[in-house]
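**Student:** I need the structure of the sequence given here:
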Amino acid sequence: MTKIVVLVKEVPDAAVQKKVGADGRLDRSGEKTLNPFDTHAIEAALQLKESGALQVDEVVAITVGPAGAEKALHKAVSLGADRSIHLADDALAGSDVVATGYALAELVKRESPDLVLLGQQSDDGQSYAVGAVVAEYLGWPGLTQVIKLDVDGTTVTAERQAEYGYDTVKVELPAVLSVGDAINEPRYPSLKAIMGAKKKPLEKLTIADAGIDASKVGAEGSKAKWQSAKEPPAKAAGTIIEDEDTAKTVEQIVAWLDERKLI
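**Tutor:** Modelled structure (predicted):
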């Protein structure tokens with residue numbers, strides 16, 4: 001039977017105003033949620049399972065993050081994952097994309113899946129690179145920005161967004177695919193699924209449990225060093241032109257456009 005692993009992440013809720021914290025990093029306080037892009041990866045896994053394209057035995061959701069990230073796994077299970085795994089350890093704090101990808105790859109190895117899916121990006125870091133890093137550590141084929149997916153036996157045919165159109169690529173399983181939000185429309189979890197999510201198996205691990213080399217994760221194990229961040233400049237107030245006199249209004253609009261070299 002086939003196993004699919006879906007890598008997911010907890011991110012700040014879209015409704016929460018993003019701001020820089022006192023430490024110069026993204027302030028992650030406030031409401032959090034499952035990364036929206038990862039919901040498309042879960043849906044892709046479920047569609048493969050339901051269509052019979054793969055004889056899928058189970059879909060496993062995996063995340064790396066603090067204790068609170070457990071909520072993202074509950075959401076993943078409510079959407080259809082059969083069980084979940086949560087790697088939480090203070091030693092992971094400050095991990096860059098490569099260190100995070102290494103930790104995720106070690107978790108994937110423990111599961112020995114046939115296919116790994118994840119969203120093409122996270123709503124916070126927007127690195128687009130985690131899938132490629134995981135594939136590199138596993139030594140598996142990796143594709144990014146996949147918007148269409150077909151499976152025939154052990155061959156995956158994927159259509160992916162490219163700079164000047166679309167590429168159609170074939171890879172052999174096992175493989176790592178990061179999917180775009182155009183690939184499907186994620187389903188909404190039922191009330192029953194939401195209520196039952198906390199009863200589904202959730203395995204909690206430390207880096208020692210997972211056999212992860214502590215020297216390869218965390219701030220010390222990361223080659224990318226965070227320097228600083230700052231708030232974007234505030235947008236200037238717009239110009240309101242009152243339509244009291246048509247001729248005068250047109251004149252004002254033309255003058256505004258001419259001033260900005262738009263005409």
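
**Student:** After the helix or strand where Lys148 lies, heading C-terminal, what element do we hit next?
**Tutor:** Under the criterion of DSSP states H and E, Lys148 resides in strand 142-152. Using DSSP H and E, the helix or strand that follows strand 142-152 towards the C-terminus is strand 155-162.

**Student:** what angle separates that next one from strand 142-152?
**Tutor:** If you take axes from the mean of the first three to the mean of the last three Cα atoms, to 10 degrees, strand 155-162 sits at 130 degrees to strand 142-152.

**Student:** Run the angle between the very next helix or strand once past strand 155-162 and strand 155-162 for me.
**Tutor:** Once the chain leaves strand 155-162, the next helix or strand it forms, by DSSP H and E, is strand 165-172. In terms of direction (the same axes, to 10 degrees), strand 165-172 departs from strand 155-162 by 160 degrees.

**Student:** list the helices and strands strand 165-172 packs on?
**Tutor:** On a contact count with 3 or more Cβ pairs under 8 Å, 6 or more residues apart in numbering; DSSP states H and E, strand 165-172 meets strand 142-152, strand 155-162. The C-beta positions use only the backbone N, C-alpha and C, and glycine is treated the same way.

**Student:** thinking again about what came up before, tell me the gap between the strand holding Lys148 and the middle of its chain.
**Tutor:** Centroid separation for strand 142-152 versus its chain: 16 Å, with Cα atoms, centre = their mean, to the nearest Å.

**Student:** Tell me the helices and strands packed up against it.
**Tutor:** Secondary-structure packing of strand 142-152 (3+ Cβ pairs under 8 Å, 6+ apart): helix 36-51, helix 130-138, strand 155-162, strand 165-172, strand 175-179.

**Student:** pLDDT averaged over that strand, what's the number?
**Tutor:** Mean pLDDT, computed over strand 142-152, is 95.

**Student:** List the neighbouring strands of it plus their orientation.
**Tutor:** strand 155-162 (antiparallel), strand 175-179 (parallel) (DSSP bridges).

**Student:** Could you say which helix or strand holds Thr33?
**Tutor:** Secondary structure here is read from DSSP H and E; on that basis Thr33 sits in strand 32-34.
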